[in-house]
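*Asks:* the following block contains a protein sequence and its predicted model.
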Amino acid sequence: MQREVITGKSTPTPMAHYCQGILAGETLYAAGQIASDYKTGVPPEARQDPAFPYYGSDIQKQARYVLNNIRSVFQAAGCDFKDVVKSQVFLTDLKDFFHFDQVWKEFFPSPPPRTTVQVSGLLVPGCRIEIDLTAVLPGVARRGMDSEAVLAGETLYAAGQIAADSRGGSDIRKQTRYVLDKLGTVFKAAGCDLKDVVKSQVFLTDLQDFYYFDQVWKEFFPSPPPRTTVQVSALAVPGCRVEIDLTAVLP
């Protein structure tokens, strides 16, 4: 498969050893972006002006700065935000979510599948948000372009799911079962099953839940897919203990 390293014309060059994106075939994998110019930290254009405290908040300015930088990478690859099929958002404080989401709606009138979690810190001090996007070239057939899942070509990109409904209860086993049942319904609508999962990410608010979570996981995945499991500070809805993010391919 042909691969091309992508660099945005106006996107700051990272100090760390990674590139801004790779176009592999018809899929663009972009690096996560934070609100840093990698010279001074958080640049003035991504910070609230103390002289004008009512003209935008730090999180809104940082979100716009990040999304504009990612857009530059996308444009260099021949994509735009309407081509996004998967998004992950890492906030250092979920209290920022509402104001972040107002900016998100400006850039994504038709929102892609998204996973949003709170983390304890980001690479550059003062950064409040990191955004990670995956897209496909405009010519790739897509359906189900909404916040639940997108089928692009033969790959299904599902949004991260939490047990936001109270029926999930507070028990990690009940929440895990609830989330996986919900994802199974999404997959079925796309013509997939959980056995078609090729990538999984699990976000737990307490790694002491891992053993009981994993017992339920084995029920749904007798033949387990590749998985990443990390502890996060919080999830979008209080009381939720697990978020599961899955990617699959058609059988």
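*Replies:* Ah, there it is.

*Asks:* contacts and neighbour counts: CA atoms only from here.
*Replies:* OK.

*Asks:* now do the contacts for the residue nearest to Arg3 when sequence neighbours are not counted.
*Replies:* Distances taken as C-alpha to C-alpha, 6 or more residues apart in numbering put Ala24 closest to Arg3, at 4.4 Å, once the chain neighbours are dropped. When contacts are counted by C-alpha atoms under 8 Å, 6 or more residues apart in numbering, Ala24 touches 1-4.

*Asks:* repeat that with 10 Å
*Replies:* Residues counted as contacts of Ala24 (C-alpha atoms under 10 Å, 6 or more residues apart in numbering) are 1-5, 136.

*Asks:* could you pull out the helices for the stretch 151-251 of the chain?
*Replies:* Read by DSSP state H, counting those that start in this stretch, the stretch 151-251 of the chain holds these helices, from start to end of the chain: 172-189, 210-220.

*Asks:* got CSV for those helices, with distance to Gly144 and mean neighbour count too?
*Replies:* What follows is the helices of the stretch 151-251 of the chain, written out as CSV (distance: least, C-alpha to C-alpha, whole Å; neighbours: other C-alpha atoms under 10 Å):
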stretch, distance to Gly144, mean neighbour count
helix 172-189, 10, 19
helix 210-220, 24, 15
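
*Asks:* output those as CSV; include the columns distance to Leu246 and mean pLDDT.
*Replies:* Below are these laid out as CSV (distance: least, C-alpha to C-alpha, whole Å; pLDDT from 0 to 100):
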stretch, distance to Leu246, mean pLDDT
helix 172-189, 8, 96
helix 210-220, 13, 97
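
*Asks:* who wins for proximity to Cys127 among those?
*Replies:* Relative to Cys127, the nearest member of these by C-alpha to C-alpha is helix 210-220, separated by 29.3 Å.

*Asks:* so what does the closest one touch, helix or strand wise?
*Replies:* Packing contacts for helix 210-220, counted by 3 or more C-alpha pairs under 10 Å, 6 or more residues apart in numbering; DSSP states H and E, involve helix 172-189, strand 197-204, strand 227-231.

*Asks:* quick check: phi and psi at the nearest residue in space to Cys192 that is not next to it in sequence.
*Replies:* Once its chain neighbours are removed from consideration, Cys192 has its nearest residue in Leu250; the separation is 5.7 Å (C-alpha to C-alpha, 6+ apart). Dihedral angles phi and psi of Leu250 (degrees, to the nearest 10) take the values phi -60, psi 150.

*Asks:* number of residues surrounding Leu250?
*Replies:* Other residues near Leu250 number 15, with proximity taken as other C-alpha atoms under 10 Å.

*Asks:* mind listing what Thr11 touches?
*Replies:* Neighbour list for Thr11: 20, 33, 37, 65-66, 68-73 [criterion: C-alpha under 10 Å, 6+ apart].

*Asks:* that one: which element?
*Replies:* Secondary structure here is read from DSSP states H and E; on that basis Thr11 sits in neither a helix nor a strand.

*Asks:* relative to Lys105, how far out is it?
*Replies:* Applying C-alpha to C-alpha, to the nearest Å, one obtains 22 Å for the distance of Thr11 from Lys105.

*Asks:* do the same with Leu180
*Replies:* Leu180 sits 28 Å away from Lys105 when distances are taken as C-alpha to C-alpha.

*Asks:* same thing with Leu194?
*Replies:* Relative to Lys105, Leu194 is positioned 30 Å away (criterion: C-alpha to C-alpha).

*Asks:* between those two, which one's more packed in?
*Replies:* Taking other C-alpha under 10 Å, Leu194 and Lys105 do not tie; Leu194 has more neighbours (22 against 11).

*Asks:* re the thing from before, okay, and the beta partners of the residue nearest to Arg3?
*Replies:* Arg3, Thr27 (DSSP bridges).

*Asks:* any idea how far it is from Tyr65?
*Replies:* The spacing between Ala24 and Tyr65, counted by C-alpha to C-alpha, is 26 Å.
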